[in-house]
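1. Turn this into a model:
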Amino acid sequence: MSSDRKDGVTIRVMTKEDYAKVKEFMKDDFYLWEPLCQFSGESVQQQNEKENDENHLSMIAQGTCLVALDENNAGQIVGIVLAGAHFPEDVARHRLEAEAMEQHLWGRSSVMLSKMEREANVFEHYGISRMLCSEITSVAQSMRGKGLGSRLAATLMEVGRSKGFPAMVAYCTSFFSARQKAALGMQCIYSLAYADYKDAQGLPIFAPIAPHTMARVMAIKL
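-> Okay, the predicted model is just below:
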């Protein structure tokens, strides 16, 4: 895709050369604000770091990740999307990987997301054998409320169409992320209330602050 420029912010496909700066951006603008991570008290970015780096770099190599740059501020990163292809065989693999993880926040959230993936069953829902999965979207604090998240999601849909993906899915742990994607025509095909997702003692595993009361699987045919 060609780059998309508006209001001094350019969105383009992410490259592996961007990744060091992307990781630094995520430290302050994703992990500190993502609802499940926000008040966890854990150094989430360091959990499964090697595996996450490998996963992110593999998605970047597919040409399905995006970076937003502020051209009025020396090309500083102000938004990112990490996304990649998913296939039916990934569902079982994700479950095994999640169950083998340490029970830190990343491990617990991976178990929950795997449960959502299985129960939403997007492949069967749409009758497809591949899809584009938006795994992480983050916008700089200074740019929130300016429509950049919507631009990133809409641009990712364009990327998906250009690469022949029949559908796109996003696992939204944030109320605002789900609302933004609904405004772009994505449908909620599965939801899980945090209050209903409990441990063996009957206590909620995650209790993010309102309005983040549930996680949602948002999807759209491309």
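
2. only C-alpha atoms for contact and neighbour calcs from this point on.
-> Fine.

3. Doesn't residue 215 belong to a strand?
-> Yes - counting by DSSP: H, G, I helix; E, B strand; the rest coil, residue 215 is found in a strand.

4. Pull out the buried residues from stretch 49-67.
-> For stretch 49-67, the neighbour count (16 or more other Cα atoms under 10 Å) marks 56-60, 63-67 as buried.

5. ditto for stretch 99-107
-> 101, 105-107.

6. So for that stretch, mean pLDDT?
-> On average, the pLDDT along stretch 99-107 is 87.

7. CA-only coordinates of that stretch in CSV, if you can.
-> Extracted C-alpha coordinates of stretch 99-107, given in CSV (Å, rounded to 0.1, in the frame of the first residue of the first chain):
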residue,chain,number,x,y,z
GLU,A,99,-1.4,-23.3,28.8
ALA,A,100,2.4,-23.8,28.9
MET,A,101,3.1,-20.2,29.9
GLU,A,102,3.9,-19.0,33.4
GLN,A,103,0.9,-17.7,35.3
HIS,A,104,2.0,-14.1,35.1
LEU,A,105,-0.3,-11.5,33.5
TRP,A,106,0.7,-12.2,29.9
GLY,A,107,0.2,-16.0,30.5
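
8. hmm, back to that, quick check: the farthest pair among the buried residues of stretch 49-67?
-> With Cα to Cα as the measure, no two of those lie farther apart than 58 and 67, at 15.6 Å.

9. didn't residue 186 look like it was pressed against residue 218?
-> Yes - using Cα atoms under 8 Å, residue 186 makes contact with residue 218 at a distance of 5.7 Å.

10. Tell me which of the two has more neighbours.
-> residue 218 (25 against 19; other Cα atoms under 10 Å).

11. rewinding a little: a markdown table for the buried residues of stretch 49-67, including distance to residue 117?
-> Below are those laid out as a markdown table (distance: Cα to Cα, whole Å):
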| residue | distance to residue 117 |
| --- | --- |
| 56 | 19 |
| 57 | 22 |
| 58 | 20 |
| 59 | 18 |
| 60 | 22 |
| 63 | 23 |
| 64 | 20 |
| 65 | 21 |
| 66 | 23 |
| 67 | 26 |
